[in-house]
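Q: could you look at this predicted model? Sequence included:
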Amino acid sequence: MMATLRDGRSMFVRELLQTMACAWQYELWNIFFRRLQASRTEAKPHWGDTAAHFFYLAHTHCREQHEVCWYARQVGVSPDALSAVLKRFCGKTAGAILTELLTEEAKVCLRNPSLSVQEVAEMLHFADQSAFGKFFKRECGMSPMQYKKEARDKE
């Protein structure tokens with residue numbers, strides 16, 4: 001696996017392995033969250049539970065839900081409190097984490113040659129292809145079509 005990650009010729013496989021490693025990390029959060037919930041007997045929530053619950057929800061719903069407010073409602077705190085907790089635990093706000101997850105999802109989908117940019121925008125629940133293009137260009141410095149072409153050329 002490490003040799004594949006170091007090999008620059010197989011960008012799709014490398015990106016796929018990196019995405020799988022990220023998914024594995026979030027699955028560990030899910031396991032941690034479930035075990036913590038099962039063992040918790042007191043009614044008072046802890047900030048660690050809030051962060052774990054957020055990561056579970058973000059991993060599960062990042063394609064459909066892009067707003068921090070939705071996640072904050074689900075975990076029962078304000079958006080500011082959620083971002084403060086996450087900043088304390090992992091150095092990033094809720095919005096930054098959601099943006100990173102959504103960007104990685106977009107990159108994986110765009111590397112799939114059978115999906116058009118329009119289909120990727122729909123899969124990620126953007127209002128339209130233009131909104132997706134603006135988001136992707138802001139986060140990656142290039143349009144989705146440019147990224148798709150570069151990924152295809154590197155294969």
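A: Right, received. Where do you want to start?
Q: list the contacts of the residue most central in space within the chain.
A: A centroid search over the chain (Cα atoms, centre = their mean) returns Leu101, at 1.5 Å, as the residue closest to the centre. By Cβ atoms under 8 Å, 6 or more residues apart in numbering, Leu101 lies in contact with Ala58, His59, Cys62. C-beta: built from backbone N, CA, C; applies to glycine.
Q: now with 10 Å?
A: Counting by Cβ atoms under 10 Å, 6 or more residues apart in numbering, Leu101 touches Cys22, Tyr26, Phe55, Ala58, His59, His61, Cys62, Arg63, His66.
Q: make JSON lines out of those and add neighbour count.
A: Converted to JSON lines, those look like this (neighbours: other Cβ atoms under 10 Å):
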{"residue": "Cys22", "neighbour count": "15"}
{"residue": "Tyr26", "neighbour count": "16"}
{"residue": "Phe55", "neighbour count": "24"}
{"residue": "Ala58", "neighbour count": "21"}
{"residue": "His59", "neighbour count": "16"}
{"residue": "His61", "neighbour count": "16"}
{"residue": "Cys62", "neighbour count": "22"}
{"residue": "Arg63", "neighbour count": "14"}
{"residue": "His66", "neighbour count": "18"}
